[in-house]
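Undergrad: predicted coordinates and the sequence they were generated for:
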Amino acid sequence: MPIRFDAADAHWRVAPLAAFSAAQKDWLTRGGSLTAHLRTLGQVRVRVTREAVDMPWSDECAALGLAPRERAWVREIVLEVDGVPFVAAHSATPLGASHGVWQAMRRLRTRPLAELLYSDSGVARSALVSRRVSARHPLHALAAREIGETGSACAHAPHAFVARRSVFERHGKPLLVTECMLPALWAYLAESAGKASAAHTSHTSHSARERGPLGHTASRAHQVAHQNLPPGAPR
């Protein structure tokens with residue numbers, strides 16, 4: 001199904017920046033539901049932080065086909081994994097669409113937006129685009145607030161966050177979803193990768209230690225047995 005709306009612009013790009021880590025490139029380009037991907041890491045909870053009629057961000061107007069100062073329905077949530085904020089998300093749709101095609105968005109409460117987006121074959125999605133988000137973008141303040149409120153190990157907001165977005169379209173009406181990955185997600189993935197690598201190294205080392213002495217002993221036993229055979233005995 002062709003889609004009229006595009007989330008890309010001069011800053012939001014389809015190809016992730018080359019400087020991004022392998023894990024960042026992976027999560028920035030994963031299709032399907034981000035909530036479902038997070039569930040592979042632990043128990044996911046949706047915490048709604050704001051739902052209101054508001055002005056869309058300056059870089060959202062074109063993606064939503066809105067005129068300057070045209071209002072939108074905005075929903076902001078945090079996706080927590082085992083109680084730790086991993087993603088801060090900001091979604092916006094034209095105000096009229098929030099009373100029509102996307103009216104179910106207003107009734108989600110603590111249910112994930114994915115329930116609307118991936119259960120309807122009539123919904124089309126644009127390409128995923130991503131960027132670094134600095135303090136000049138309002139998404140940075142939204143994400144930094146979550147880090148400060150949780151008092152987690154990542155207590156200080158980074159200079160820039162990594163974020164992605166895409167436009168969902170249903171019956172010609174857009175819904176823009178922007179997802180900002182928080183430092184706790186990258187820390188979790190790095191720790192998991194480190195544990196997996198350590199476990200693999202330990203297993204390899206343990207296997208080598210087992211094979212080494214046993215193989216050496218068997219070889220020596222074979223040599224000794226041959227040395228003790230009487231002259232002329234088959235070897």
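TA: Alright, I've got the coordinates. Residues are numbered from 1 along each chain as shown.
Undergrad: hmm, residue 109 is touching residue 47, no?
TA: No. The criterion here is C-beta atoms under 8 Å, and residue 109 misses it with residue 47 at 11.0 Å. Heads up, the C-betas are built off the backbone N, CA and C, glycines and all.
Undergrad: which one's more surrounded, the two?
TA: The neighbour comparison of residue 109 against residue 47 (other C-beta atoms under 10 Å) goes to residue 47, with 13 against 8.
Undergrad: helix or strand: which one has the closest residue in space to that one that isn't next to it in sequence?
TA: Spatial nearest neighbour of residue 47, chain neighbours left out: residue 78 (4.6 Å); criterion: C-beta to C-beta, 6 or more residues apart in numbering. Using DSSP states H and E, residue 78 maps to strand 72-81.
Undergrad: strand partners (parallel or antiparallel) of that strand?
TA: Applying DSSP bridges, strand 72-81 is found paired with strand 44-54 (antiparallel), strand 84-94 (antiparallel).
Undergrad: and the first one, C-alpha only, in CSV?
TA: Written as CSV, here are the backbone C-alpha positions of strand 44-54 (Å, rounded to 0.1, in the frame of the first residue of the first chain):
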residue,chain,number,x,y,z
VAL,A,44,7.5,-4.5,29.7
ARG,A,45,5.2,-1.8,31.3
VAL,A,46,3.8,1.2,29.5
ARG,A,47,3.7,4.3,31.6
VAL,A,48,1.8,7.3,30.2
THR,A,49,3.4,10.6,31.0
ARG,A,50,1.2,13.0,28.9
GLU,A,51,-1.8,13.0,26.6
ALA,A,52,-3.0,16.4,25.4
VAL,A,53,-3.9,18.7,22.5
ASP,A,54,-0.7,20.5,21.7
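Undergrad: what's the neighbour count on residue 59?
TA: Neighbours around residue 59, by other C-beta under 10 Å: 19.
Undergrad: how near is it to residue 46?
TA: Distance, residue 59 to residue 46, by C-beta to C-beta, to the nearest Å: 25 Å.
Undergrad: and for residue 8?
TA: Taking C-beta to C-beta, one finds residue 8 at 27 Å from residue 46.
Undergrad: next one: residue 71
TA: Taking C-beta to C-beta, one finds residue 71 at 24 Å from residue 46.
Undergrad: now do residue 103
TA: Distance of residue 103 to residue 46, given as C-beta to C-beta: 19 Å.
Undergrad: those two - which one has more neighbours?
TA: Per other C-beta under 10 Å, whichever of residue 103 and residue 46 has more neighbours is residue 46, with 17 against 12.
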